[in-house]
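Asker: sequence and computational prediction follow.
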Amino acid sequence: MPATEPSRADPRKARTGAHGPAGHLPTDQTPAAAAPTSEGADQPTDQVYVRAATPPRTASAVERDRRVLSAAPHRTASDLLLTVPGTFVTQHSGEGKAHQIFFRGFDAVHGQDIEFWVGGAPVNEVSNVHGQGYADLHFVMPEVVTRVTALPGPYSPEQGDFAVAGSMDFELGYDEPGFTVSGSLGSYGARRAFLAYHPKDAPAETFGAFETYESDGFGVGRAAQRASAIAQIVHPLHEDIELRLLASTYAARFGSAGVLRLDDVESGRMDRFDSYDTAQGGRSGRTQVVADLRGALDDWHFHFSPYAISRSLELDHDFTGFLEDPVNGDSTQQLNDARTLGFRASLRRQIKLLNEHDSISVGIAGRDDSIEQSDRLLSQVTREVTASVIDSEVHAQSVSGFVDVSLRPLPRVVVRGGARWDALSFGITDHLRNDQTRSAQGTHFGKKGTLDVAVVPGLHALLSYGEGFRSPQARSLGAGERTPFTKVTSYEFGVRYGDAKRIRASFAAFHTDLSDDVVFLESVARNEPVPATQRNGAVIDFTAEPTPWFTSSLGATYTRATFTESGGDYAEGALVPFVPQMVVRDDLALKPTLGKLLGRSLVGTFGLGLTYLYRRPIPYGELGTNVFLMDARVAARLKEVELSLESFNLLDTDWNDGEFVYASNFNQGSAPSLLPVQHVSAGAPRTVMATLTLFI
């Protein structure tokens, strides 16, 4: 087939458009021999379209498929992020609140610095009362995530709001044919049921799944319940066009033990799994519908994806006891209800500018959020509202467009560059000020670029530059104000290697500047503005899959995050609080065939996940404790039946998933001290879960 006439793409085998059919980050439908990629040099082959990403935007970009994602045990979709180099997740406020996520030198808290997409729907919440960019991934079962794509930094024109540390995208699917029925029992009263169905002859993207989970919790005030259902279907409309539909609903109720003063734990006055206030916790819900029309018409590959999301959140928490109010206490209730409508669309075409494989992509997106939110003080005794701190409505719109050009000026050289425009508008109604209204609007323009050089077969050197942004909390805006974005400028240089023996490796060094930043303030349980910051670091990734039964994935990141300006309690050159300097993760799996039983193959699974967290700065120049955790899984499958045993924190390490320094007073009636002291939230002890699964 002539190189100038590439075959028409099969939409079931190729990703198209912005974020692809299932919410993918930038991808191409490129002939297998079209361009140098990080996995190998150019090879003359027949021009056929394959399911493969374009040359990556950065040396540190990674994709994790089911082999790596299933190597070690994972309880939630957020846990899957651990497989991405430089990522660590904690959950210091109960099994149901969005995880706190650390990524590449950023404490993204609950999502403020990472752009999340799941199945083509955005997860980050605009102006959430608890934190900008709040991203709750509990609605996704880990079994139905077929791929996690991580694009660090703001280097792609398709990356928008919250892509400060980078973007994470979850592709959904389930490839076990027929029905799957699974039941689990575990430590601390944990019980889980999982059901799934996938038609035998349908693509893996067509499936339905259900999950219900309950736990009494590993200490007082930690009980949790959640339930979720997801259905997705892919239907061909034409030879080269298909429609994907996704719908899901999720609901959860959870308790939270809050924090304990470290001196109370060390003195024995409180057990590390105790709680000062067992009424903490919350409720969370999400319903969404996504449509995705994708395919090819003539020389154009297109993608159009509208979505609708309904989201609710209630959080009750108490970080300071009776410090501010010695009579009623400092308990706080935050409510956030949001309705989101939006769409994304893109077109891509190969054009001959410098080379017959050059291409251009253009895309647009729109999003409308209607939000009702409040922040109220509660009496610790009666749980009645004693005062309202926030009672407002926010109406937010964002409109964006991008252009992305890929050129091949020389053999083995790919230059990709483009630009992105984002316009954001906010309208705020403040019910605490007699329904006073105000509005603000602003535009951000960001430039992006990547130089990819194939040094030798399999080895590529990449230099990337990007400008990104984080939108502000709407309540902070004044009337008529030009929206002040947090501006992000980032550089990365590195190398990638891949060969036919299933070895992939990369190393990259990066630098990121932020015009201003935010840090979690315990006294108000919200992120508050701080001066400008920077990140300098390096990341390494090594994945080996030499045989079908062995998988190893090792990632390590070192980052130094510091303030570049002084202001408030923070001095220039000081470390940014809560950001771990080193994160190391190793996922290992062996899946050998153990023999034959009853005429069927008996397949074993031995999986291990190792996580190491080093040097966690906390406020006032202190360092938190280091963390080493080991998770393990063993399983045996005899065709239709599988029995597995999973253990999290196998070594039963005493560790803290949250460490803070601030003033508090949890003794009602005692004289409060304003002296900052260390507080901790205990990480989970060793837990074990046994699961029986039937494949029907």
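Answerer: Okay, I see it.
Asker: can we go C-alpha only for contacts and neighbour counts from here?
Answerer: Fine.
Asker: just the strands in the stretch 51-200 of the chain please.
Answerer: Applying DSSP state E, counting those that start in this stretch to the stretch 51-200 of the chain gives strands spanning 62-65, 87-90, 100-103, 106-107, 114-118, 121-122, 145-152, 166-172, 178-186, 191-198.
Asker: phi, psi for the closest residue to Arg104 other than its chain neighbours please.
Answerer: The shortest distance from Arg104 to any non-neighbouring residue, by C-alpha to C-alpha, 6 or more residues apart in numbering, is to Gly86 (5.0 Å). Phi and psi for Gly86, reported as degrees, to the nearest 10, are phi 90, psi 10.
Asker: isn't Gly86 right next to Val583, touching?
Answerer: Yes. Counting by C-alpha atoms under 8 Å, Gly86 touches Val583, with 5.4 Å between them.
Asker: the two: who's more crowded?
Answerer: Gly86 (29 against 26; other C-alpha atoms under 10 Å).
Asker: contact partners for the more buried one?
Answerer: For Gly86, the contacting residues are 102-105, 539, 555-558, 582-584, by C-alpha atoms under 8 Å, 6 or more residues apart in numbering.
Asker: which helices and strands does the strand or helix carrying Ser284 pack with?
Answerer: Element membership for Ser284, per DSSP states H and E: strand 281-297. If you count contacts as 3 or more C-alpha pairs under 8 Å, 6 or more residues apart in numbering; DSSP states H and E, strand 281-297 packs onto strand 241-255, strand 300-317.
Asker: TSV for the ones you listed, including mean pLDDT?
Answerer: Formatted as TSV, those follow (pLDDT from 0 to 100):
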stretch	mean pLDDT
strand 241-255	98
strand 300-317	97
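Asker: possible to save the ones you listed as a markdown table with distance to Lys352 and mean neighbour count?
Answerer: Formatted as a markdown table, the helices and strands packed on strand 281-297 follow (distance: least, C-alpha to C-alpha, whole Å; neighbours: other C-alpha atoms under 10 Å):
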| stretch | distance to Lys352 | mean neighbour count |
| --- | --- | --- |
| strand 241-255 | 25 | 21 |
| strand 300-317 | 14 | 21 |
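Asker: out of those strands, the one nearest Ala163 is which?
Answerer: strand 300-317 (19.9 Å; C-alpha to C-alpha).
Asker: in terms of secondary structure, what does the next helix or strand after that closest one contact?
Answerer: Per DSSP H and E, the first helix or strand lying C-terminal to strand 300-317 is strand 331-350. Judged by 3+ C-alpha pairs under 8 Å, 6+ apart, strand 331-350 is in contact with strand 300-317, strand 359-378.
Asker: identify whichever of those strands lies nearest to Gly442.
Answerer: Of all those, it is strand 359-378 that lies closest to Gly442, at 14.9 Å by C-alpha to C-alpha.
Asker: how about the helices in the chain?
Answerer: 66-69, 262-267 (DSSP state H).
Asker: deepest of those helices, which one?
Answerer: helix 66-69 (a mean of 20; mean count of other C-alpha atoms under 10 Å).
Asker: residue contacts, Leu185?
Answerer: Counting by C-alpha under 8 Å, 6+ apart, Leu185 has contacts 191-192, 689-691.
Asker: same thing but 6 Å
Answerer: Contacts for Leu185 (C-alpha atoms under 6 Å, 6 or more residues apart in numbering) come out as 191, 689-690.
Asker: redo those residues as TSV? Include pLDDT, distance to Leu246 and neighbour count.
Answerer: Shown next, in TSV, are the contacts of Leu185 (pLDDT from 0 to 100; distance: C-alpha to C-alpha, whole Å; neighbours: other C-alpha atoms under 10 Å):
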residue	pLDDT	distance to Leu246	neighbour count
Arg191	98	27	19
Met689	99	30	19
Ala690	99	31	20
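Asker: just the closest of those residues to Glu642, please.
Answerer: Using C-alpha to C-alpha, these come closest to Glu642 at Ala690, 10.8 Å.
Asker: and the closest one, what are its bridge partners?
Answerer: For Ala690, the beta-bridge partners under DSSP bridges are Leu185, Leu645.
Asker: would you agree it is in contact with Glu642?
Answerer: No. Using C-alpha atoms under 6 Å, Ala690 and Glu642 do not qualify as a contacting pair, with a distance of 10.8 Å.
Asker: low-confidence ranges in the stretch 51-200 of the chain?
Answerer: Residues of the stretch 51-200 of the chain that meet the criterion pLDDT under 70 lie in 51-54.
Asker: switch to 50 and redo it
Answerer: 51-53 (pLDDT under 50).
Asker: how much space between Thr543 and Lys501?
Answerer: Look at Thr543 and Lys501: by C-alpha to C-alpha, to the nearest Å, they are 11 Å apart.
Asker: what do you get for Pro154?
Answerer: Applying C-alpha to C-alpha, the value for Pro154 to Lys501 is 31 Å.
Asker: just to revisit the earlier point, name the residues contacting each of Gly86 and Val583.
Answerer: Residues within reach of Gly86 and of Val583 at once, by C-alpha under 6 Å, 6+ apart, are Thr557.
Asker: looking at Thr543 and Lys501, which is more packed in?
Answerer: Neighbour count, other C-alpha under 10 Å: between Thr543 and Lys501, Thr543 has more, with 21 against 10.
Asker: could you check the pLDDT of the more buried one?
Answerer: Looking at Thr543, its pLDDT stands at 97.
Asker: what sits against it?
Answerer: 503-504, 552-553.
Asker: beta partners of it?
Answerer: Residues in beta-bridge contact with Thr543 (DSSP bridges): Arg504, Ser553.
Asker: what's around Ala223, how many residues?
Answerer: 23.
Asker: hmm, I typed the wrong one, I wanted Pro411.
Answerer: If we define neighbours as other C-alpha under 10 Å, then Pro411 has 12 of them.
Asker: next one: Ala387
Answerer: Ala387 has 12 neighbours, counted by other C-alpha under 10 Å.
Asker: wait, it sits on Leu377?
Answerer: Yes. Using C-alpha under 6 Å, Ala387 is in contact with Leu377, at 5.2 Å.
Asker: in the strand ranked longest in the chain, which residues are buried?
Answerer: Ranked by residue count, the top strand of the chain under DSSP state E comes out as strand 385-410. Residues of strand 385-410 classed as buried: 390-408 (neighbour count, 16 or more other C-alpha atoms under 10 Å).
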